[in-house]
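*Asks:* Here's a sequence, model it:
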Amino acid sequence: MTKQTLLTAQGERIAIVAGLRTPFVQRDTGFKSSYATDLGTMVTNELLSRTAIERTHIEQLVFGQVIQQPDIPNPAREIALALNMPTLQAYTLSSSCLSGLQALVNVAGSIVSGSISAGIAGGTDSISNAPLSISPRVIYKFKQIFKAPTLEDKYRLFRQFSWRDLKPHGVNLKDYMTQLSVADISERMAQQHHISRAEQDEYARQSHLKAQNAWKLGLLKNDVMPSFPRPYSDFVVSDTLVSAAVRPSYYERFSPLPDKNYATVTEANMPKPVDGAAAVLLMREKQAKTLGLIPLGYIKSYAITGNDIWQNMFMGATLASSLALERAKLTLQEMDYIDIHETSAAQMLVNMQLFASTEFAKNQLNRTACLGEIDPAKLNHLGGSIAFGNPRAATSLRILIQSLHALKRRGGGLSLVASSGLGGLGAAMVLESE
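*Replies:* Take a look at the predicted model:
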């Protein structure tokens with residue numbers, strides 16, 4: 001495989017100038033009155049204000065969203081309009097938990113091609129304001145009632161309804177093709193790879209412990225903006241972490257989610273759906289330096305992958321990491337930090353096995369040797385999605401922002417960020433900071 005070259009025609013690197021996110025908060029709490037579009041507008045506005053550049057420099061806005069509002073089909077465009085940037089090219093995409101990274105890749109591609117010099121990639125989701133719906137079968141029945149020629153016919157058709165028919169349905173957080181939830185898929189992977197509940201609970205506890213320590217030490221203050229959601233009567237300054245989750249006894253109270261005697265996946269060893277948004281500013285390297293901006297880092301390589309959905313659906317982080325490292329001509333051992341989205345504790349523990357499996361490398365990665373053992377000290381060292389929660393479209397940008405700020409604090413280096421997603425998707429990126 002040839003080395004991936006992420007340079008403009010003039011030989012400039014793609015600079016990640018700045019990154020910012022809102023706090024990630026539990027549903028129906030701090031952001032309960034804010035749609036995903038509001039959260040995206042809030043974080044993009046703050047990112048631009050902190051960077052202090054003329055908004056005319058921004059030529060493209062790409063946002064990811066997974067939980068979509070039917071009446072807001074293109075949140076990115078609404079964000080651009082809300083920020084008084086009506087001439088800005090803006091579009092929205094959806095790609096499960098790697099939506100944020102996909103948005104970033106799209107903007108980076110536009111810069112490499114010479115189409116733009118600067119753009120913003122973001123992700124935003126609100127589980128609090130997820131839409132309700134009724135089944136297509138019920139909609140068809142209503143259409144038949146409206147078309148019925150007489151009141152008698154309409155009444156006869158209406159009597160065919162049951163209370164169950166009229167019950168609204170919340171957003172479906174399952175994989176569409178398999179109709180498996182994240183818990184179901186995680187349980188399958190745990191059973192296949194012999195991951196115990198005790199291992200999962202301890203992994204989750206460590207994620208919470210790292211996140212709470214990171215907040216106590218002030219290591220996330222540059223990542224997270226104080227937020228003033230509508231109606232502006234309150235403010236949110238930090239993630240709503242579960243303080244009790246650092247104690248082993250916390251995990252004993254939860255029953256397995258899959259209804260099986262041997263099940264191991266619980267609500268406590270998975271991330272909660274939460275509300276949140278994130279945004280990242282990208283530029284040509286020369287333009288950033290001309291404007292007096294000091295980049296957080298640069299993109300060395302990336303990979304977006306697909307994989308089988310019936311076996312190990314959440315192995316995408318390993319597949320994409322293999323490609324991203326190979327394209328950068330780097331090894332796992334050369335990474336200073338490794339930040340991977342925690343779809344669940346089971347998913348993480350399985351992927352850690354796959355990283356170190358020579359058999360998997362030969363059969364799935366077309367490699368003669370495995371990627372290597374992941375150093376626990378480098379992995380999600382400031383906490384992961386199990387602790388912070390998972391606003392699906394923003395979560396992969398959280399890990400990127402977190403990783404780049406960490407590299408900057410240590411004086412530079414290399415990091416690998418990666419994510420798996422429903423639908424058998426994977427994304428990974430190798431970042432460098434100076």
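
*Asks:* quick one: the strands in the stretch 251-400 of the chain?
*Replies:* Taking DSSP state E, counting those that start in this stretch as the test, the strands found in the stretch 251-400 of the chain are 274-284, 297-306, 337-340.

*Asks:* how about the helices in the stretch 151-300 of the chain?
*Replies:* 151-158, 182-192, 197-216, 285-290 (DSSP state H, counting those that start in this stretch).

*Asks:* Tell me which of these sits most buried.
*Replies:* Greatest average neighbour count among those goes to helix 182-192 (a mean of 22), per mean count of other Cβ atoms under 10 Å. To be clear about C-beta, it is placed using only N, CA and C from the backbone, and glycine gets the same treatment.

*Asks:* pLDDT of the helix or strand that contains residue 143, averaged?
*Replies:* Counting by DSSP states H and E, the element that carries residue 143 is helix 136-147. For helix 136-147, the mean per-residue pLDDT is 84.

*Asks:* Quick one: distance of that helix to the chain centre.
*Replies:* Distance of helix 136-147 from its chain centroid, counting by Cα atoms, centre = their mean, to the nearest Å, is 37 Å.

*Asks:* okay, it in CSV with CA atoms only?
*Replies:* The C-alpha trace of helix 136-147 is given here as CSV (Å, rounded to 0.1, in the frame of the first residue of the first chain):
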residue,chain,number,x,y,z
PRO,A,136,-46.1,3.2,8.5
ARG,A,137,-48.9,0.7,8.9
VAL,A,138,-50.8,3.2,11.1
ILE,A,139,-50.1,6.0,8.7
TYR,A,140,-51.6,3.8,5.9
LYS,A,141,-54.7,3.2,7.9
PHE,A,142,-55.2,6.9,8.5
LYS,A,143,-54.9,7.5,4.7
GLN,A,144,-57.6,4.9,4.1
ILE,A,145,-59.8,6.7,6.6
PHE,A,146,-59.3,10.0,4.9
LYS,A,147,-60.1,8.5,1.5
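
*Asks:* now for it, which elements pack on it?
*Replies:* helix 151-158 (3 or more Cβ pairs under 8 Å, 6 or more residues apart in numbering; DSSP states H and E).

*Asks:* okay, the angle between the helix it packs on and helix 136-147?
*Replies:* 170 degrees (axes from the mean of the first three to the mean of the last three Cα atoms, to 10 degrees).

*Asks:* Now stretch 222-237: buried residues?
*Replies:* Across stretch 222-237, burial judged by 16 or more other Cβ atoms under 10 Å covers 222, 223, 224, 225, 227, 229, 236.

*Asks:* Now do the same contact list for the second one.
*Replies:* I take that to be residue 223. Residues in contact with residue 223 (Cβ atoms under 8 Å, 6 or more residues apart in numbering) are 19, 20, 21, 398, 401, 402, 405.

*Asks:* coming back round to it: nearest to residue 34, of the helices of the stretch 151-300 of the chain?
*Replies:* Closest to residue 34 of the helices of the stretch 151-300 of the chain is helix 197-216 (Cβ to Cβ; 22.0 Å).

*Asks:* which regions of the stretch 51-200 of the chain lie under the pLDDT threshold?
*Replies:* Along the stretch 51-200 of the chain, segments meeting pLDDT under 70 span 166, 169-170.
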